[in-house]
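K.L.:
this one's structure only:
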């Protein structure tokens, strides 16, 4: 069906180090230019000339024009963006899930880089880095005081170059240096495990180029270990999105071939499409179907989908399709609410424009833009409640966010108040603990994962501890000023 639209996601803290989450559609620029506003363009040219001649110091012309384009695009919505040479390179790395570095999934703890997990087979894995290790120094730079992005940039570099890390291993109460040779890394967007006989967990952390192939391979491994699978938990928590074709494929793994997964609509003809759970709608031209090897039993296995405020874009497409077709029970928290499609048009070999071209709709015709998907069962993050939910940003919190087109959603004043109160409470608790480190979020899929435990209870027909505080965020009606 020609070029396929691909959905942009949202940057989630704790994702693979340095990975952006916007995905691209290869497309050529549209022919023809609409009538230009000559008077305004003359003003722009005049401003450009004044800056060139009158500014206190010389200004690079290319940078000036790039900044002008960036400002024009940034005024549209939070997801449209102008890519200069540097940001376009980073974007393409995220699209493929490949980058040059040491190969760790990372977070920050007490201002230090924490190794969440070394990527299997990576230089960090071979060097013996372990989950929980803290990186205190990168070459000659102390990590304390660096932002996540700054730390990531220092660990990345050219292939076959060396970086020396100073690592503190809490379990052994010692620090030690390790020199690692950088190489190209392919991030793992799918993880899985059999939790107990008959029940499995499969997590998709992002929709990248190889996500569908990895998804199919992990399911094959699950069925090899558990041929009579009684229940599956599909974990989409904190999945910021990615390729639309990946979302359609993963939905198709659980749905009949003629089931509608998602539809899109915008100004250009390519944006007016309906995608079904059919290979013709998710396969790339000339590609083979990685889902063909999956057992037919997958279409009927009891299914729970875990979502939260960080589930956005392509992951919301999967959740919405499975919920609308009553194929799965959604559990967790209301999702991020990014219901728009971005197209990337290359302007030069090194620059591009990412622009919002369509809204997308669930099979029932609902737009989730600035609202999100409401789970069938609301579940808190932990047995003690939602410790971090009020602080998370959603689509409706972003400045200049696109409206749903089905009744505009404004900023939720009650949620703003709850966020301020939660922030103050955390600050007060930090002072009481004399700046002791806060309890980190539980690792998804671990024995301490409260929401996963509730999902398993649901699959087994056991009681579920439903949230007593979480409520659906209602859209507000349009107002006329």
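P.N.:
Perfect, thanks for sending it. Owing to the predicted nature of the structure, the values given are computational and were not obtained by experimental measurement.

K.L.:
drop to CA atoms for contacts and neighbour counts, all remaining ones
P.N.:
Fine.

K.L.:
got the domain boundaries for this structure?
P.N.:
99-186, 190-339+359-460 (automatic domain parsing).

K.L.:
Out of the ones you listed, which one sits most buried?
P.N.:
Sort those by mean neighbour count, taking mean count of other CA atoms under 10 Å, and domain 190-339+359-460 sits at the top with a mean of 19.

K.L.:
Strands of the stretch 51-200 of the chain, start to end?
P.N.:
Applying DSSP state E, counting those that start in this stretch to the stretch 51-200 of the chain gives strands spanning 81-83, 98-101, 104-109, 112-118, 134-138, 141-142, 162-169, 174-181, 183-186, 190-196, 199-204.

K.L.:
could those go into JSON lines alongside distance to residue 276 and mean pLDDT?
P.N.:
What follows is those, written out as JSON lines (distance: least, CA to CA, whole Å; pLDDT from 0 to 100):
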{"stretch": "strand 81-83", "distance to residue 276": "29", "mean pLDDT": "90"}
{"stretch": "strand 98-101", "distance to residue 276": "29", "mean pLDDT": "85"}
{"stretch": "strand 104-109", "distance to residue 276": "34", "mean pLDDT": "79"}
{"stretch": "strand 112-118", "distance to residue 276": "36", "mean pLDDT": "83"}
{"stretch": "strand 134-138", "distance to residue 276": "45", "mean pLDDT": "95"}
{"stretch": "strand 141-142", "distance to residue 276": "51", "mean pLDDT": "95"}
{"stretch": "strand 162-169", "distance to residue 276": "47", "mean pLDDT": "95"}
{"stretch": "strand 174-181", "distance to residue 276": "45", "mean pLDDT": "94"}
{"stretch": "strand 183-186", "distance to residue 276": "29", "mean pLDDT": "86"}
{"stretch": "strand 190-196", "distance to residue 276": "23", "mean pLDDT": "95"}
{"stretch": "strand 199-204", "distance to residue 276": "20", "mean pLDDT": "97"}
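
K.L.:
nearest to residue 38, of the domains of the chain?
P.N.:
Residue 38 lies closest to domain 190-339+359-460 among the domains of the chain, at 24.1 Å (CA to CA).

K.L.:
mind checking which of the strands of the stretch 51-200 of the chain is nearest residue 369?
P.N.:
The nearest among the strands of the stretch 51-200 of the chain, by CA to CA, is strand 81-83 at 18.5 Å.

K.L.:
From the chain's centroid, how far away is the closest one?
P.N.:
How far strand 81-83 lies from its chain's middle: 18 Å, per CA atoms, centre = their mean, to the nearest Å.

K.L.:
and it, which strands flank it?
P.N.:
strand 352-361 (antiparallel) (DSSP bridges).

K.L.:
avg pLDDT for the helix or strand just after the partner strand?
P.N.:
Where DSSP states H and E defines the elements, the next helix or strand beyond strand 352-361 is strand 377-378. Strand 377-378 shows a mean pLDDT of 96.

K.L.:
other SSEs contacting strand 377-378?
P.N.:
strand 329-332 (3 or more CA pairs under 8 Å, 6 or more residues apart in numbering; DSSP states H and E).
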